[in-house]
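In: Provide a 3D model corresponding to the input given below.
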Amino acid sequence: MADYVLAIDQGTTSTRAMVFDHEGKVVSTGQLEHQQIFPRAGWVEHDPVEIWNNTREVIGQALSRADITRHDIAAVGITNQRETTVVWEKATGKPVYNAIVWQDTRTQSIVDRFAAEGGVERFKEKVGLPLSTYFAGTKIVWILENVDGAREKADAGELLFGTTDSWVLWNLTGGTDGGVHVTDVTNASRTLFMDLATCQWDDEILGVLGIPRSMLPEIKSSSEVYGTVESSSLLREVPIAGILGDQQAATFGQVAFEPGEAKNTYGTGNFLIFPTGTEIVHSSNGLLTTMAYRLGDGEPHYALEGSIAVTGSLIQWLRDNLGLIGSAPEVEQLAKTVEDNGGAYFVPAFSGLFAPYWRSDARGALVGLTRYVNKGHIARAALEATAFQTKEVLDAVNADTGEPFTELKVDGGMVQNDLLMQFQADILGIPVVRPQVAETTALGAAYAAGLAVGFWQDFDDLRKNWQEDRRWEPAMDEDERQRQYRLWKKAVTKTFDWVDEDVQ
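Out: A predicted model of the protein is given here:
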């Protein structure tokens, strides 16, 4: 019997392949970054061909580093950056345009056009999402309206759309030679046109947006066999049996399956997922209603989500755009050179503000500056921005559910930053808990695939694998907590109303 499951984690900044054993431990990893393309202010793109080439290479890295072959792999799971949109030719497999990334804000005029009748919540009751540049739907519309020949090819049934899970799966299963064109319910729920109640594409919304249904992948559950890897791959004939959008995958990896078992992922952005079970709960406080998972032909499970656009990518910005640090981990050491933020607050509204504000007119602001502020204070303010934004979405979940958090499970790359995690506990006033496997996104995809083929039997099997690594207890005085949060909220208001028609 095969001893491992392999997960492909196609993320915003890199693609990884990770091999896991039955205890949920990482056996080996292959990882490659891909280029971040910024053609204009507010535009963010990736090269889908580079992503696919990297996917093949990291699979080879992971297998060779574990000294195993396809015969040792029970199944493959896929997790991915959600909303990032790829449109390609069915006959050639060639993308008609670069992938438009979830952070991209170019579609604001399209959002405004469709919001003119019914407002930004026009489709929210059905799909759980406001009209926003964040979601895949408006990105498809932009491609059809701005790429030469795309509209004609789409109407003729010659183009396919997918988020990056569908793009990787289609290529893994043969591409132009019989590639499987599907997505799962979690990714479909981030398009703007999947009906949450039926888990099917909504023809009325597709008609409004002008998107041909022939472009769309078939919606499947998050845990079933979609197909097998094509014959030329190192993983040939291995079943691909799990797909989860990255934040749902991280929730799965944290074994947070039931209402109240929430998690917060610290990655390029931050995403808090609060499962609501089989009940569709609509937020009154700026959260999204989304799919949590669906296993095989079981009932759909839903969640509330607090989406924050810029957290880890702010640290990248300090490194790549300002040269303030040489590598991301250096930000902690720089921040430790000062005792506090020196009165500086950094609101990274680079892609507008997501939850709980949904202000596409916002742009980033560094406020409270005096001659006293130095680069250490700026580094600290950048880290604190992540914690403040998390408190805002946590407060929104508390308000929507009436179930105050008693602790917060955390995962993702930034949770290795002890200074950030302590400040997070301080500003929330509750413990913050990190599991032994902090990269739970790939683990969740592995779990979904492994459940489908019997590698793991049930949720209890998975719960046995979760183990606490470290816990941070709050140590900040309540008056100081309230003072800092009040100043943060004041700083946020300074980012509003920045984008006019002639300012992008």
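In: use CA for all of it now, contacts and neighbours both
Out: Will do.
In: Tell me who's in contact with the residue nearest to Gln108 when sequence neighbours are not counted.
Out: Here the nearest residue to Gln108 in space, its sequence neighbours aside, is Thr133; by C-alpha to C-alpha, 6 or more residues apart in numbering that works out to 5.8 Å. Going by C-alpha atoms under 8 Å, 6 or more residues apart in numbering, Thr133 touches Trp102, Asp104, Thr105, Arg106, Thr107, Gln108, Val111, Lys139, Ser360.
In: what about Thr133, which SS state?
Out: In three-state terms, and counting by DSSP: H, G, I helix; E, B strand; the rest coil, Thr133 is coil.
In: Ala292 now?
Out: If you use three-state DSSP, then Ala292 falls in the strand class.
In: Apart from its neighbours in sequence, what residue is nearest it?
Out: Tyr302 (4.6 Å).
In: ok, that neighbour to Thr278 distance?
Out: 6 Å (C-alpha to C-alpha, to the nearest Å).
In: more neighbours, these two?
Out: The neighbour count for Tyr302 versus Thr278, taken as other C-alpha atoms under 10 Å, is higher for Tyr302 (27 against 17).
In: helices or strands up against the strand or helix carrying the more buried one?
Out: Here Tyr302, judged by DSSP states H and E, is contained in strand 301-308. Contacts defined by 3 or more C-alpha pairs under 8 Å, 6 or more residues apart in numbering; DSSP states H and E place strand 301-308 against strand 270-277, strand 288-293, helix 375-401.
In: Turn the contacts of Thr133 into JSON lines, including secondary structure, pLDDT and distance to Trp170.
Out: Formatted as JSON lines, the contacts of Thr133 follow (DSSP: H, G, I helix; E, B strand; the rest coil; pLDDT from 0 to 100; distance: C-alpha to C-alpha, whole Å):
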{"residue": "Trp102", "secondary structure": "coil", "pLDDT": "91", "distance to Trp170": "20"}
{"residue": "Asp104", "secondary structure": "coil", "pLDDT": "92", "distance to Trp170": "24"}
{"residue": "Thr105", "secondary structure": "coil", "pLDDT": "88", "distance to Trp170": "27"}
{"residue": "Arg106", "secondary structure": "coil", "pLDDT": "92", "distance to Trp170": "27"}
{"residue": "Thr107", "secondary structure": "coil", "pLDDT": "93", "distance to Trp170": "26"}
{"residue": "Gln108", "secondary structure": "helix", "pLDDT": "89", "distance to Trp170": "30"}
{"residue": "Val111", "secondary structure": "helix", "pLDDT": "92", "distance to Trp170": "29"}
{"residue": "Lys139", "secondary structure": "helix", "pLDDT": "97", "distance to Trp170": "20"}
{"residue": "Ser360", "secondary structure": "coil", "pLDDT": "82", "distance to Trp170": "33"}
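In: Which one (most neighbours) among those residues?
Out: Each of those was scored for neighbours by other C-alpha under 10 Å, and Lys139 scores highest at 30 neighbours.
In: So that one is in contact with Thr107, correct?
Out: Yes - look at Lys139 against Thr107 with C-alpha atoms under 8 Å: they come within range, at 6.6 Å.
In: which residues in the stretch 151-300 of the chain form strands?
Out: Taking DSSP state E, counting those that start in this stretch as the criterion, the stretch 151-300 of the chain carries its strands at 159-163, 182-184, 194-195, 200-201, 218-220, 223-228, 239-245, 263-266, 270-277, 288-293.
In: Just give the strands next to the first one in its sheet, each with its orientation.
Out: Strands that pair with strand 159-163, judged by DSSP bridges, come out as strand 85-89 (antiparallel).
In: what does the average pLDDT come to for the strand it pairs with?
Out: Taken as a whole, strand 85-89 carries a mean pLDDT of 97.
In: got the angle for the next helix or strand after the strand holding Tyr302 vs strand 270-277?
Out: Using DSSP H and E, the helix or strand that directly follows strand 301-308 along the chain is helix 312-320. Using axes from the mean of the first three to the mean of the last three C-alpha atoms, to 10 degrees, the direction of helix 312-320 lies 170 degrees away from that of strand 270-277.
In: next structured bit after helix 312-320?
Out: For helix 312-320, the following helix or strand on the C-terminal side (DSSP H and E) is helix 330-335.
In: and that next one, what other elements does it pack with?
Out: Packing contacts for helix 330-335, counted by 3+ C-alpha pairs under 8 Å, 6+ apart, involve helix 375-401.
In: Quick one: mean pLDDT over the helix it packs on.
Out: For helix 375-401, mean pLDDT rounds to 93.
In: related to what we said a few turns ago, I'd like the strands of the stretch 151-300 of the chain laid out as TSV, including mean pLDDT and mean neighbour count.
Out: Compiled in TSV, these are given as follows (pLDDT from 0 to 100; neighbours: other C-alpha atoms under 10 Å):
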stretch	mean pLDDT	mean neighbour count
strand 159-163	97	26
strand 182-184	97	25
strand 194-195	96	22
strand 200-201	96	19
strand 218-220	97	19
strand 223-228	96	22
strand 239-245	96	31
strand 263-266	90	26
strand 270-277	90	26
strand 288-293	94	30
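In: and Ser351, which of those is closest to it?
Out: Counting by C-alpha to C-alpha, Ser351 lies closest to strand 270-277 out of the strands of the stretch 151-300 of the chain; the figure is 13.4 Å.
In: which stretches of the protein have low pLDDT?
Out: In the predicted model of the chain, residues 1, 501-504 satisfy pLDDT under 70.
In: Give me the domain ranges for it.
Out: Split into domains by the TED database, the chain comes to 4-247, 256-435+467-499.
In: which stretch of helix or strand covers the residue lying farthest from the centre of the chain?
Out: Computed with C-alpha atoms, centre = their mean, the residue of the chain farthest from its C-alpha average is Arg371, at 37.6 Å. Secondary structure assigned from DSSP H and E places Arg371 in neither a helix nor a strand.
In: May I have the phi/psi pair for it?
Out: In this entry, Arg371 is assigned phi and psi values of phi -60, psi -20 (degrees, to the nearest 10).
In: what number of residues lie near the residue lying closest to Lys391 once chain neighbours are set aside?
Out: Leaving aside its sequence neighbours, Lys391 sits nearest to Leu428 (C-alpha to C-alpha, 6+ apart; 6.0 Å). By other C-alpha under 10 Å, the residues close to Leu428 number 26.
In: same deal with the one 4 residues further on?
Out: Per other C-alpha under 10 Å, the neighbour tally for Val432 reads 24.
In: That one and Ile100, how far apart?
Out: Relative to Ile100, and taking C-alpha to C-alpha, Val432 is found at 34 Å.
In: Over to Asn146?
Out: Between Asn146 and Ile100 the distance is 13 Å, computed by C-alpha to C-alpha.
In: more crowded one of the two?
Out: In this view Asn146 and Ile100 are compared by other C-alpha under 10 Å, and Ile100 has more residues nearby, 27 against 12.
In: So that one is in contact with Gln81, correct?
Out: No - under the criterion of C-alpha under 8 Å, Ile100 makes no contact with Gln81, lying 11.3 Å away.
In: Thr29 in helix, strand or coil?
Out: Looking at Thr29 with three-state DSSP, the answer is strand.
In: I'd like the numbering to begin with 38 instead of 1 from here.
Out: Let's use 38 as the start, then, which means that last one is Thr66.
In: isn't it right up against Asp46?
Out: No - no contact is recorded between Thr66 and Asp46 when judged using C-alpha under 8 Å, the distance being 10.5 Å.
In: Looking at these two, which has the bigger crowd around it?
Out: Asp46 (28 against 22).
In: mind checking the backbone torsions on the more buried one?
Out: Per degrees, to the nearest 10, the backbone of Asp46 is at phi -110, psi 100.
In: Quick check: it touching Ala479?
Out: Yes - the pair Asp46 and Ala479 qualifies as a contact (C-alpha under 8 Å) at a distance of 5.6 Å.
In: Now do the shared contacts for those two.
Out: Overlap of the contact sets of Asp46 and Ala479 (by C-alpha under 8 Å, 6+ apart) consists of Met55, Ile115, Thr116.
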